[in-house]
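*Asks:* Okay, predicted coordinates and the sequence, questions at the end:
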Amino acid sequence: RCGAPLALKDIGMSAEDVSKAADIASSNPYWNPREIERDALLRFCRMPSMASHRAAQQQLNQSKETKMNFTVYCLDHPNMVERRLENYDAHKAHLQTAPVKTLISGPLTKADGQTMIGSFFLYEADDIEEIQKFIEADPFNKAGIWATVDIRPFIKRVDNR
């Protein structure tokens, strides 16, 4: 309204200058209530104008709120079906206390589709440490059912649910 420039290009900043400024700001952070992240800063600076400030702020907030997905693939020691069944209620109760979001969970089976040989989980969490702590406390783990536990970050590309 008052004729002040609203976009970085209006004050002579090129796209290359914006990248350089983001590099400088993220490599030499100063105290700020929010951590300075290069990619989030670039997204903010590349908005068409300050008139789009609200959209830019929403985009920055979404980048902070994005959680990671993790797969947990557990294979049982041989002949664990009975021990698995003995600990099932405690395992199920433990899953209900999850500090992370369970997206998918269920037993792995032999080719017969019936004989349980492990567990599979897809979780959403802030970091892998949250998952590790939760899995360590699982009654199946404490009962020595799982021979191996493999936790991996997972990038969802397709979801046809």
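*Replies:* Alright, I've got the coordinates. Numbers count the residues shown, from 1 in each chain.

*Asks:* which non-adjacent residue is nearest the residue positioned nearest the centre of the chain?
*Replies:* Against the mean C-alpha coordinate of the chain, by C-alpha atoms, centre = their mean, the closest residue is Met68 at 1.0 Å. What sits nearest to Met68 in space, not counting adjacent residues and going by C-beta to C-beta, 6 or more residues apart in numbering, is Pro153, at 5.8 Å. C-beta here means a position set from N, CA and C on the backbone, and glycine is covered the same way.

*Asks:* bridging residues for that neighbour?
*Replies:* Here Pro153 sits in beta bridges with Phe70, going by DSSP bridges.

*Asks:* From Gly12, how far off is it?
*Replies:* 41 Å (C-beta to C-beta, to the nearest Å).

*Asks:* Could you do Phe121 as well?
*Replies:* 52 Å.

*Asks:* So for the two, which sits in the more crowded spot?
*Replies:* Phe121 (22 against 8; other C-beta atoms under 10 Å).

*Asks:* In terms of secondary structure, what does the helix or strand hosting the more buried one contact?
*Replies:* In the assignment (DSSP states H and E), Phe121 maps to strand 116-125. Here strand 116-125 touches strand 68-76, strand 101-109, helix 128-136, strand 146-154, going by 3 or more C-beta pairs under 8 Å, 6 or more residues apart in numbering; DSSP states H and E.

*Asks:* what about stretch 150-160, how long is it end to end?
*Replies:* Stretch 150-160 has an end-to-end distance of 25 Å (C-alpha to C-alpha, to the nearest Å).

*Asks:* Touching the strand holding Phe121 from outside, list them.
*Replies:* 67-76, 80-81, 84, 98, 100-110, 131, 134, 140, 146, 154 (C-beta atoms under 8 Å, 6 or more residues apart in numbering).

*Asks:* got the end-to-end distance for stretch 68-84?
*Replies:* 29 Å.

*Asks:* Spit out the contact partners of the residue nearest to Met68.
*Replies:* By C-beta under 8 Å, 6+ apart, the neighbours of Pro153 are Met68, Asn69, Phe70, Ile128.

*Asks:* so what's the closest residue to the second one other than its chain neighbours scoring on pLDDT?
*Replies:* Meaning Asn69. Once flanking residues are discounted, Asn69 sits nearest to Phe154: 4.3 Å by C-beta to C-beta, 6+ apart. Listed pLDDT for Phe154 reads 92.
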